[in-house]
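>>> okay, predicted coordinates and the sequence, questions at the end:
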Amino acid sequence: MPKLKTRKGVKKRFSFSGKNKIKRDQANKGHLKKSKNAKRKRKLRNAAIVHKSEEKMIRTLMPFE
C-alpha cells in the first residue's frame, strides 16, 4: 500500500471545528463590495460548515487532519 498523503490545497481551504465538523470560508466576498450591504459583508466574514454530502470527500483528501 502506498502512503496516504494530505492534499495541500484542501488543507489550506478547510479546517476542523471543535466538534470535528469541517469549516470553510464563504464565497462572494472578493470584489463588487459596494453593491453589498454591511450586514451581508459582515455575515460573509464568518466561516460556514461544509454540507454532509461533501464532507466524506474532503475527509478522504485530508486523512490525517
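Structure's in. What do you need? Numbers count the residues shown, from 1 in each chain.
>>> how about the helices in this structure?
8-13, 38-45, 52-61 (DSSP state H).
>>> could I get the contacting residues of the most centrally placed residue in the chain?
Nearest residue to the geometric centre of the chain (C-alpha atoms, centre = their mean): Arg24, 1.8 Å. Residues in contact with Arg24 (C-beta atoms under 8 Å, 6 or more residues apart in numbering) are Arg13, Phe14, Ala47, Ala48, Ile49, Val50. Every C-beta, even on glycine, is put in place using the N, C-alpha and C of the backbone.
>>> greatest separation within these: which pair is it?
Arg13 and Ile49 (13.8 Å; C-beta to C-beta).
>>> how about Val10, nearest residue that isn't a chain neighbour?
Computed as C-beta to C-beta, 6 or more residues apart in numbering, the closest residue to Val10 that is not its neighbour in sequence is Leu61, at 4.4 Å.
>>> rewinding a little: which of the helices of the chain sits closest to Lys19?
helix 52-61 (12.6 Å).
>>> quick one: residues in contact with the closest one.
Thr6, Arg7, Val10, Phe14, Ile22, Val50.
>>> if we go to 10 Å?
Here helix 52-61 makes contact (C-beta atoms under 10 Å, 6 or more residues apart in numbering) with 4-11, 13-14, 16, 20-22, 24, 49-50, 65.
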